[in-house]
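Enquirer: What follows is a predicted structure for the sequence shown.
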Amino acid sequence: MFITFEGIEGSGKTTQIKRLHKVLKDRKIPCLVTREPGATNIGLQIRAILLNQKNKKMDPLAELFLYLADRCQHMNEKIQPALSKGQWVISDRFWDATVVYQGMARGLQVKLLNQLRPRILDSTWPDKTFLLDLPVNIGLARAWERINHSEESQKESRFEKETKAFHEKIRRGYLTLARKEPERITVIDASLPPDKIHRQIIEVLFD
(Lines give C-alpha, C1' and ligand atoms only; values in the text may rest on other atoms or scores of the structure.)
Protein backbone atom coordinates (compact mmCIF):
# COMPACT_ATOMS: atom_id res chain seq x y z
CA MET A 1 0.00 0.00 0.00
CA PHE A 2 1.41 3.38 -1.05
CA ILE A 3 -0.18 6.33 0.76
CA THR A 4 0.60 10.00 0.20
CA PHE A 5 -0.37 13.12 2.10
CA GLU A 6 -0.77 16.45 0.33
CA GLY A 7 -1.88 19.96 1.23
CA ILE A 8 -0.86 23.58 1.49
CA GLU A 9 1.70 24.77 4.03
CA GLY A 10 0.45 24.29 7.58
CA SER A 11 -2.22 21.74 6.73
CA GLY A 12 -1.08 19.28 9.41
CA LYS A 13 0.37 16.51 7.26
CA THR A 14 3.20 15.71 9.67
CA THR A 15 0.83 15.32 12.62
CA GLN A 16 -1.49 12.96 10.76
CA ILE A 17 1.35 10.90 9.31
CA LYS A 18 2.74 10.31 12.81
CA ARG A 19 -0.68 9.22 14.06
CA LEU A 20 -1.21 6.86 11.14
CA HIS A 21 2.26 5.40 11.59
CA LYS A 22 1.45 4.57 15.22
CA VAL A 23 -1.74 2.76 14.16
CA LEU A 24 0.20 0.69 11.62
CA LYS A 25 2.85 -0.18 14.21
CA ASP A 26 0.13 -1.23 16.67
CA ARG A 27 -1.37 -3.45 13.97
CA LYS A 28 2.12 -4.82 13.18
CA ILE A 29 1.97 -3.60 9.58
CA PRO A 30 5.52 -2.97 8.29
CA CYS A 31 5.74 0.63 7.19
CA LEU A 32 8.17 3.21 5.80
CA VAL A 33 7.45 6.86 6.60
CA THR A 34 9.20 9.23 4.23
CA ARG A 35 8.99 12.71 2.73
CA GLU A 36 9.81 14.89 -0.24
CA PRO A 37 12.18 16.55 -0.58
CA GLY A 38 14.96 15.20 1.59
CA ALA A 39 14.36 11.52 2.33
CA THR A 40 17.87 10.48 1.26
CA ASN A 41 21.35 11.88 1.85
CA ILE A 42 21.40 13.30 -1.67
CA GLY A 43 17.84 14.52 -1.20
CA LEU A 44 18.81 16.41 1.96
CA GLN A 45 21.35 18.39 -0.05
CA ILE A 46 18.73 19.14 -2.72
CA ARG A 47 16.22 20.12 0.00
CA ALA A 48 18.69 22.66 1.39
CA ILE A 49 18.72 24.40 -1.99
CA LEU A 50 15.00 24.16 -2.70
CA LEU A 51 13.70 25.45 0.64
CA ASN A 52 16.39 28.03 1.42
CA GLN A 53 14.71 31.41 1.74
CA LYS A 54 17.75 33.05 0.11
CA ASN A 55 17.02 31.34 -3.22
CA LYS A 56 14.20 33.68 -4.18
CA LYS A 57 15.24 33.97 -7.82
CA MET A 58 15.23 30.26 -8.61
CA ASP A 59 13.96 29.63 -12.13
CA PRO A 60 10.76 27.51 -12.17
CA LEU A 61 12.33 24.96 -14.51
CA ALA A 62 15.40 24.69 -12.28
CA GLU A 63 13.07 24.19 -9.32
CA LEU A 64 11.21 21.45 -11.19
CA PHE A 65 14.32 19.49 -12.08
CA LEU A 66 15.71 19.73 -8.56
CA TYR A 67 12.47 18.22 -7.24
CA LEU A 68 12.58 15.51 -9.89
CA ALA A 69 16.21 14.73 -9.05
CA ASP A 70 15.20 14.32 -5.41
CA ARG A 71 12.32 12.06 -6.45
CA CYS A 72 14.49 9.83 -8.66
CA GLN A 73 16.80 9.17 -5.74
CA HIS A 74 13.83 8.76 -3.39
CA MET A 75 12.16 6.22 -5.66
CA ASN A 76 15.26 4.12 -6.21
CA GLU A 77 16.64 4.27 -2.68
CA LYS A 78 13.52 4.23 -0.50
CA ILE A 79 10.08 3.83 -2.06
CA GLN A 80 10.54 1.03 -4.57
CA PRO A 81 12.65 -1.20 -2.26
CA ALA A 82 10.07 -0.83 0.53
CA LEU A 83 7.11 -1.61 -1.72
CA SER A 84 8.93 -4.60 -3.21
CA LYS A 85 9.32 -6.02 0.32
CA GLY A 86 5.60 -5.67 0.96
CA GLN A 87 5.91 -2.69 3.27
CA TRP A 88 3.37 0.10 3.38
CA VAL A 89 4.84 3.45 2.37
CA ILE A 90 3.55 6.78 3.69
CA SER A 91 5.03 9.81 1.97
CA ASP A 92 4.69 13.46 2.96
CA ARG A 93 4.18 14.85 -0.58
CA PHE A 94 4.74 13.11 -3.91
CA TRP A 95 3.91 13.69 -7.58
CA ASP A 96 0.72 15.68 -6.95
CA ALA A 97 2.84 18.37 -5.28
CA THR A 98 4.90 18.73 -8.44
CA VAL A 99 1.81 19.09 -10.63
CA VAL A 100 0.34 21.72 -8.32
CA TYR A 101 3.40 23.71 -7.23
CA GLN A 102 5.54 23.65 -10.35
CA GLY A 103 2.79 23.06 -12.91
CA MET A 104 -0.29 24.98 -11.85
CA ALA A 105 1.26 27.62 -9.57
CA ARG A 106 4.58 28.24 -11.36
CA GLY A 107 2.99 27.98 -14.79
CA LEU A 108 5.00 25.11 -16.25
CA GLN A 109 3.18 22.98 -18.80
CA VAL A 110 1.39 20.00 -17.30
CA LYS A 111 2.07 18.29 -20.65
CA LEU A 112 5.80 18.39 -19.82
CA LEU A 113 5.15 16.83 -16.42
CA ASN A 114 3.03 14.08 -17.97
CA GLN A 115 5.89 13.27 -20.36
CA LEU A 116 8.41 13.04 -17.50
CA ARG A 117 6.26 11.06 -15.08
CA PRO A 118 6.63 7.54 -16.58
CA ARG A 119 10.40 7.95 -16.85
CA ILE A 120 10.71 8.84 -13.17
CA LEU A 121 7.94 6.78 -11.56
CA ASP A 122 7.64 3.86 -14.00
CA SER A 123 4.28 2.37 -12.95
CA THR A 124 4.51 3.35 -9.26
CA TRP A 125 1.51 5.41 -8.18
CA PRO A 126 -0.18 6.08 -4.83
CA ASP A 127 -3.00 3.74 -3.86
CA LYS A 128 -4.53 6.43 -1.66
CA THR A 129 -3.87 10.15 -1.24
CA PHE A 130 -5.18 12.27 1.62
CA LEU A 131 -5.55 15.94 0.74
CA LEU A 132 -5.68 17.97 3.94
CA ASP A 133 -7.53 21.08 2.81
CA LEU A 134 -8.04 24.34 4.66
CA PRO A 135 -8.14 28.09 3.93
CA VAL A 136 -4.79 29.63 3.03
CA ASN A 137 -4.82 32.19 5.84
CA ILE A 138 -5.22 29.45 8.45
CA GLY A 139 -2.52 27.26 6.91
CA LEU A 140 0.01 30.07 6.63
CA ALA A 141 -0.66 31.21 10.21
CA ARG A 142 0.06 27.66 11.40
CA ALA A 143 3.17 27.43 9.23
CA TRP A 144 4.60 30.70 10.51
CA GLU A 145 3.94 29.70 14.09
CA ARG A 146 6.05 26.59 13.48
CA ILE A 147 8.76 28.58 11.69
CA ASN A 148 9.02 31.16 14.46
CA HIS A 149 9.69 28.40 17.00
CA SER A 150 12.28 26.49 14.99
CA GLU A 151 15.65 27.66 13.72
CA GLU A 152 15.68 24.87 11.14
CA SER A 153 12.24 25.87 9.82
CA GLN A 154 13.39 29.49 9.50
CA LYS A 155 16.03 28.34 7.03
CA GLU A 156 13.39 26.41 5.04
CA SER A 157 10.78 29.13 4.60
CA ARG A 158 11.10 29.91 0.88
CA PHE A 159 7.59 28.72 0.04
CA GLU A 160 5.96 30.25 3.09
CA LYS A 161 7.30 33.61 1.90
CA GLU A 162 5.44 33.34 -1.41
CA THR A 163 2.41 35.57 -1.92
CA LYS A 164 -1.04 34.64 -0.68
CA ALA A 165 -2.12 34.49 -4.34
CA PHE A 166 0.50 31.79 -4.95
CA HIS A 167 -0.84 29.69 -2.09
CA GLU A 168 -4.41 30.16 -3.30
CA LYS A 169 -3.29 28.67 -6.64
CA ILE A 170 -1.83 25.72 -4.76
CA ARG A 171 -5.08 25.09 -2.90
CA ARG A 172 -7.19 25.38 -6.06
CA GLY A 173 -4.78 23.10 -7.89
CA TYR A 174 -5.06 20.37 -5.29
CA LEU A 175 -8.85 20.55 -5.29
CA THR A 176 -8.82 20.31 -9.09
CA LEU A 177 -6.75 17.11 -8.90
CA ALA A 178 -9.13 15.71 -6.28
CA ARG A 179 -12.10 16.25 -8.57
CA LYS A 180 -10.28 14.42 -11.36
CA GLU A 181 -9.31 11.41 -9.21
CA PRO A 182 -11.97 11.04 -6.50
CA GLU A 183 -11.28 7.32 -6.03
CA ARG A 184 -7.65 7.94 -5.11
CA ILE A 185 -7.75 11.37 -3.48
CA THR A 186 -9.77 11.85 -0.29
CA VAL A 187 -10.29 15.48 0.69
CA ILE A 188 -10.40 16.10 4.44
CA ASP A 189 -11.22 19.38 6.18
CA ALA A 190 -7.91 20.14 7.88
CA SER A 191 -9.48 22.85 10.05
CA LEU A 192 -11.15 20.10 12.10
CA PRO A 193 -9.59 18.93 15.38
CA PRO A 194 -6.68 16.51 14.78
CA ASP A 195 -8.55 13.60 16.41
CA LYS A 196 -11.45 13.92 13.96
CA ILE A 197 -9.10 14.11 10.99
CA HIS A 198 -7.30 10.99 12.21
CA ARG A 199 -10.55 9.07 12.58
CA GLN A 200 -11.55 9.94 9.02
CA ILE A 201 -8.23 8.68 7.71
CA ILE A 202 -8.54 5.39 9.61
CA GLU A 203 -12.11 4.92 8.36
CA VAL A 204 -10.99 5.33 4.76
CA LEU A 205 -8.13 2.86 5.11
CA PHE A 206 -9.66 0.16 7.32
CA ASP A 207 -13.46 0.36 7.43
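Expert: Structure received.

Enquirer: for the helix or strand that contains residue 141, packing partners?
Expert: Secondary structure from DSSP states H and E places residue 141 in helix 136-148. Judged by 3 or more CB pairs under 8 Å, 6 or more residues apart in numbering; DSSP states H and E, helix 136-148 is in contact with helix 151-155, helix 164-180. In short, each C-beta sits where N, CA and C put it, glycine included.

Enquirer: and those helices, which one's lowest on average pLDDT?
Expert: For the helices and strands packed on helix 136-148, the weakest mean pLDDT is recorded on helix 151-155, namely a mean of 64.

Enquirer: among the helices and strands packed on helix 136-148, which is nearest residue 139?
Expert: Of all these, helix 164-180 sits nearest to residue 139, with 7.2 Å by CB to CB.

Enquirer: By mean pLDDT, which helix or strand of the protein comes out lowest?
Expert: Lowest on mean pLDDT, DSSP states H and E among the helices and strands of the chain sits helix 151-155, with a mean of 64.

Enquirer: For residue 129, which residues are in contact?
Expert: The contact partners of residue 129, by CB atoms under 8 Å, 6 or more residues apart in numbering, come to 3, 4, 5, 6, 94, 96, 181, 184, 185, 186.

Enquirer: Residue 85 too?
Expert: Contacts for residue 85 were tallied using CB under 8 Å, 6+ apart; they are residue 30.

Enquirer: What of the one 5 residues further on?
Expert: Under the criterion of CB under 8 Å, 6+ apart, the neighbours of residue 90 are 3, 4, 5, 17, 20, 21, 24, 31, 32, 33, 34.

Enquirer: Who are the contact partners of the residue nearest the centre of the chain?
Expert: Centroid-nearest residue in the chain, with CA atoms, centre = their mean: residue 93, separated by 1.6 Å. Residues near residue 93 by CB under 8 Å, 6+ apart: 4, 5, 6, 13, 35, 36.

Enquirer: how deep is the fifth one tucked in, by neighbour count?
Expert: Applying other CB atoms under 10 Å, we find 19 other residues in the vicinity of residue 35.

Enquirer: who's in contact with the closest residue to it other than its chain neighbours?
Expert: Distances taken as CB to CB, 6 or more residues apart in numbering place residue 92 nearest to residue 35, at 3.9 Å, with adjacent residues excluded. By CB under 8 Å, 6+ apart, the residues touching residue 92 are 4, 5, 13, 14, 17, 33, 34, 35, 36.
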